[in-house]
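# sequence and computational prediction follow.
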Number of protein chains: 2
Amino acid sequence: MTRADVARYAGVSTAVVSYVLNGGPKNVAPLTRERVLDAVRVLGYRPNAAARALSMGSADMFGLLVHDNRSPFFAELCHALDQATADAGRSLLIVNSDRTQVPTADQIRDLASRQIAGLIIADVLTSGEQSVVHSLGIPAVVMGQFGETDDLHSVGVDFARGAREACEHLIGHGYRDIAFAGSAARYDERERGWREALSAARLPLGPLLHTPFGYQGGYDAAVELMRLPSLPRAVLAASDQIGIGMLAAFGERGVRVPDDIAVVSFDGTIAADFVWPRLTTAVQPLEQMAEVAVQLLTDPTASRHHRALFTHLRVRESCGCAAQHG
Amino acid sequence: MTRADVARYAGVSTAVVSYVLNGGPKNVAPLTRERVLDAVRVLGYRPNAAARALSMGSADMFGLLVHDNRSPFFAELCHALDQATADAGRSLLIVNSDRTQVPTADQIRDLASRQIAGLIIADVLTSGEQSVVHSLGIPAVVMGQFGETDDLHSVGVDFARGAREACEHLIGHGYRDIAFAGSAARYDERERGWREALSAARLPLGPLLHTPFGYQGGYDAAVELMRLPSLPRAVLAASDQIGIGMLAAFGERGVRVPDDIAVVSFDGTIAADFVWPRLTTAVQPLEQMAEVAVQLLTDPTASRHHRALFTHLRVRESCGCAAQHG
């Protein structure tokens, strides 16, 4: 079924079919337009980007593999990537990688086979999956991970530095007993930053809690802290979601933040600014990260090393700083 | 560049190339595997789903157009749709529709041209966009809107009923002065439910606030409520995000929830359960909505009318009910 079939059925030229389907460049009389749309409907014709991509040997879209788009951080990262790809004249196809039914390697192969011009991976890859990406010979960039990814581009933040800075801020408030709540799933650079800041200030390590990254993980970690013989004076949470879950648990038991325990978190998602007290948090520069990722995908000469951008500490009330409006 | 070229370069049969690229069904010796992967890399070969879809005249994926995946409700809806499509043996390509650079009609055409087997639209379409969808002759379902969408399948909830139920719960607490905070962007069925519940209980309408759907909209609405000569006793928020933004503003000014003002919201997102007090909320049955949408797309005989599922009220503490753990 081709454009010519549509034109023949509607009794117009193929150019007119194009004008109708593309909304221009020339105007088409309403009745003619109706006739073309009828023909498209009756014949079941679909203008075919796949065919176009095949014949042109190129494509205008990037693929994004994201672990769980329900996580506010990854949702905001998706959104920033969507804007950055649009700014570069591309579109973005998003695929979730946390479905148990489909192995991630298959999803990567599938995305690549849809003629994408580049692949963005916001997930932790196994070495097998990395070699799949590598073997596809398609530009790829890994986002939000801790460091080098085996000969692929990667963009993230300096997690250790961001956590150190956050922890130093807590130390600056005069707190001596500072806990950390983060993931045990893999070695967390934020945990290292926390250790380094305490060690540089000659403070003992506070309680260390390993907990999943979501709200429930934060809630559970706070419940654990409240079971200790004495509550630490402050806690560094490895994500805003952990921080928000902690606030909920503290609120429920009447533990006051920041008076009884100060909280600082990591990510800088929108939600961190709409809790009370608002969370002081190490903000990841998502727009900048997305721009760098798109640049790397569109620049064939870019060298393959890890780009670690800097977080900045957004100071609100949860750390003990006075309320700052706006 | 074909599979045969790869086979020739690697000195193996095309079947072996297939085994390596598909991870089976037969095993390939590690060295042979390396040779094939080298050939794939050197030749820049990509197994091509677009070509496969063209030759087979069918495809295994659905497209999802979503307005803003940063909204927790839509992020959770995306996730539910992803699971439901995977359960039906399909995959889901997600595209955001809130990019100013690309008209939504073009995005719909683009998705359709990528050989998708069905289109899910989690957005409000203009009548022009609806006619584009219609003209493409591809199965399509509109999700989360208020009612019929011009000869397309649609799945949503009974918003008015859900809001009525939520408002009746507040009335059951003995509250007489009940405000509503929702969007003015289009007529909100939740507002109608609020009006109906108050009218049935012979109560006067409380303050009516029109505000955007995000956290900031809720924050601003709460600030407005606190400027009134007297604070209403309760408020029904049209989304969890509005409710959470309100809690933040009340917390900041020392207004106690539910003692000074009770809050009930709408959606039932995860975040509503990780604030303090936790939000009593009208839960949209996302899994069920997603299953119905996928069924409609895969059943050519399904009739085109609006499916409105029921919400259920998840009772927590923000309405004044005693704390219920778990």
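Yep, that arrived.
# for A:Phe62, which non-adjacent residue is closest in space?
Leaving out its chain neighbours, the residue that sits closest to A:Phe62 by CB to CB, 6 or more residues apart in numbering or on different chains is A:Gly118, at 4.6 Å. No exception for glycine: its C-beta is placed from N, CA and C like everyone else's.
# who's in contact with the one you found?
When contacts are counted by CB atoms under 8 Å, 6 or more residues apart in numbering or on different chains, A:Gly118 is found next to A:62-63, A:138-141, A:297-298.
# rebuild those residues as a markdown table, extending it with secondary structure, pLDDT and neighbour count.
Formatted as a markdown table, the entries for those read as follows, by DSSP: H, G, I helix; E, B strand; the rest coil; pLDDT from 0 to 100; neighbours: other CB atoms under 10 Å in any protein chain shown:
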| residue | secondary structure | pLDDT | neighbour count |
| --- | --- | --- | --- |
| A:Phe62 | strand | 89 | 28 |
| A:Gly63 | strand | 89 | 25 |
| A:Ile138 | coil | 86 | 20 |
| A:Pro139 | coil | 90 | 20 |
| A:Ala140 | strand | 92 | 28 |
| A:Val141 | strand | 94 | 26 |
| A:Leu297 | helix | 91 | 24 |
| A:Thr298 | helix | 87 | 16 |
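# what's the closest of those to A:Gly245?
Taking CB to CB as the measure, A:Gly245 lies nearest A:Val141 of the contacts of A:Gly118, at 30.3 Å.
# what's the spacing between the closest one and chain B?
Computed as CB to the nearest CB, to the nearest Å, the A:Val141 to chain B distance reads 18 Å.
# what are the bridge partners for that residue, then?
When assigned by DSSP bridges, A:Val141 has beta-bridge partners A:Ile120, A:His153.
# circling back: so the residue nearest to A:Phe62 versus chain B, what's the distance?
From A:Gly118 to chain B the distance is 13 Å (CB to the nearest CB).
# same thing with A:Gly63?
When distances are taken as CB to the nearest CB, A:Gly63 and chain B turn out to be 9 Å apart.
# mind pulling up the pLDDT for the residue nearest to that residue when sequence neighbours are not counted?
Once its chain neighbours are removed from consideration, A:Gly63 has its nearest residue in A:Leu111; the separation is 3.8 Å (CB to CB, 6+ apart). In this prediction, A:Leu111 carries a pLDDT score of 77.
# so A:Leu111 sits in a helix?
Yes. A:Leu111 sits within a helix when classified using DSSP: H, G, I helix; E, B strand; the rest coil.
# and the gap between A:Leu231 and A:Gly243?
When distances are taken as CB to CB, to the nearest Å, A:Leu231 and A:Gly243 turn out to be 16 Å apart.
# those two - which one has more neighbours?
Applying other CB atoms under 10 Å in any protein chain shown to A:Leu231 and A:Gly243 shows that A:Gly243 carries more neighbours, namely 32 against 18.
# the one helix or strand that one maps to packs against which elements?
When elements are defined using DSSP states H and E, A:Gly243 is found to belong to helix A:240-252. Using 3 or more CB pairs under 8 Å, 6 or more residues apart in numbering or on different chains; DSSP states H and E as the contact definition, the elements that helix A:240-252 packs against are helix A:72-87, strand A:178-182, helix A:215-227, strand A:234-237, strand A:262-267.
# the very next helix or strand once past the longest one packs against which elements?
Counting by DSSP H and E, the next helix or strand C-terminal to helix A:72-87 is strand A:91-96. Packed against strand A:91-96 by the contact rule (3+ CB pairs under 8 Å, 6+ apart) you find strand A:61-66, helix A:72-87, helix A:104-113, helix B:72-87, strand B:91-96.
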